[in-house]
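In: take this sequence and fold it.
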Amino acid sequence: MANINIMAGPGGGGAKEVEAFPFLPGLYIHRALDRPKSASLFNITHVDSGLAVLVYVPEVRLELMRMILGRMCWDLPVAAVFKNIKYYSLVLEALELLSGKDRSDKQEDRIAEDTEGKRQPASGSRWGYRRDVITPSFLIEAKTTSKGTFSVSIMDLAFIKRQAYSQGKMPAYVIELGPGKVGPANYEEVVVLPEQEIAHLLDENSSKKVRKATGRKSFSINRKQADWICSGNYILVETDYGNFVVVEYQVFLELAKRGI
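Out: Numbers count the residues shown, from 1 in each chain. Presented below is the predicted three-dimensional model:
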């Protein structure tokens, strides 16, 4: 631990001395001054200049930030760092991952609450590949993106389908696209389910579009399609591992509440 000088910004009274810990050569971490200690949020600061590189980083994300920022040497004068586009690109990458991780956690928490299920520990780890949320009836994989399109891996669909059936459950692949016109926090959410499980429950008055994805590794869902699906319609996707339907999130919730 060491005392370092930081630039606290216009609302922080200028330069301040804080207790900090070495993070990477040229970088230290310290608690965010304007957040309660209970929040466990940290700032990553460039020691030579006292300028913040990243702020409000959750403690659980620090190692991820170390991996990203550690791809460049920060033990350099301020002019060599802050005028180099490569450092700026690293910071943007870190910010995108921080935003995505927070959004992913919130999505999983919300799905678990909506379905009266529970989040699985270490679901993001490939070891064992637990998936994200489990209920008495469903094994759920949750995906979120800030972009307007998402590519669904057909192999991943086949894998979760096999996993779920081995546990006597139905697989559900939830996709959150954003921002859109409807849905939580202006994001739109659709769910991919095996056709054989819910074909008899689909509204026969709903419009259907067929996507032929046989012989392909993936298919995409975009915001325009999500808008259409969230208006009470659905898409049938034909793959080498069976047919799947893409329905709106509320249809999935109705199934989850019925315990199907």
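In: now do the buried residues in the top helix by length along the chain.
Out: Across the chain, the longest stretch assigned as helix under DSSP state H is helix 85-115. For helix 85-115, a neighbour-count test (16 or more other C-beta atoms under 10 Å) marks 87, 90-91, 94, 98, 101, 103-105, 107-108, 110-112, 114-115 as buried. From N, CA and C alone the C-beta is placed, and that goes for glycine too.
In: per-domain residue ranges of this structure.
Out: Taking automatic domain parsing as the criterion, the chain consists of the domains 2-83, 103-258.
In: any chance of these in CSV, with mean pLDDT too?
Out: CSV is the format used below for the domains of the chain (pLDDT from 0 to 100):
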stretch, mean pLDDT
domain 2-83, 86
domain 103-258, 85
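In: so of these, which one's packed in deepest?
Out: For those, average neighbour numbers computed from mean count of other C-beta atoms under 10 Å are highest in domain 103-258, which has a mean of 17.
In: ok, now which ones touch D132?
Out: Under the criterion of C-beta atoms under 8 Å, 6 or more residues apart in numbering, the neighbours of D132 are E108, I111, R119, Q120, S123, I140, E141, A142.
In: which ones among the residues you listed are found in strands?
Out: Residues of those located in strands (DSSP state E): R119, I140, E141, A142.
In: and the two most separated of those?
Out: Distance extremes for these: the farthest pair is R119 and E141 at 12.1 Å, using C-beta to C-beta.
In: ok, then the element right after whichever helix or strand E63 is part of?
Out: Using DSSP states H and E, E63 sits within helix 62-69. Elements were assigned by DSSP H and E; along the chain past helix 62-69, the next helix or strand is helix 78-82.
In: could you find the closest non-adjacent residue to L255?
Out: For L255, ignoring the flanking residues on the chain, the nearest one in space by C-beta to C-beta, 6 or more residues apart in numbering is I198 at 6.5 Å.
In: quickly find the element holding that neighbour.
Out: Using DSSP H and E, the element containing I198 is helix 195-198.
In: what's the helix or strand for A20?
Out: Using DSSP H and E, A20 sits in strand 15-24.
In: quick one: secondary structure of the closest residue to R211 other than its chain neighbours?
Out: The shortest distance from R211 to any residue that is not its chain neighbour, by C-beta to C-beta, 6+ apart, is 4.6 Å, and that residue is V237. Each residue gets one of three states, and V237 gets strand by DSSP: H, G, I helix; E, B strand; the rest coil.
In: ok, now how distant is V237 from L193?
Out: In this view, V237 and L193 are 10 Å apart by C-beta to C-beta, to the nearest Å.
In: between the two, which contacts overlap?
Out: With C-beta under 8 Å, 6+ apart applied, the overlap between the contact sets of V237 and L193 consists of F244, V245.
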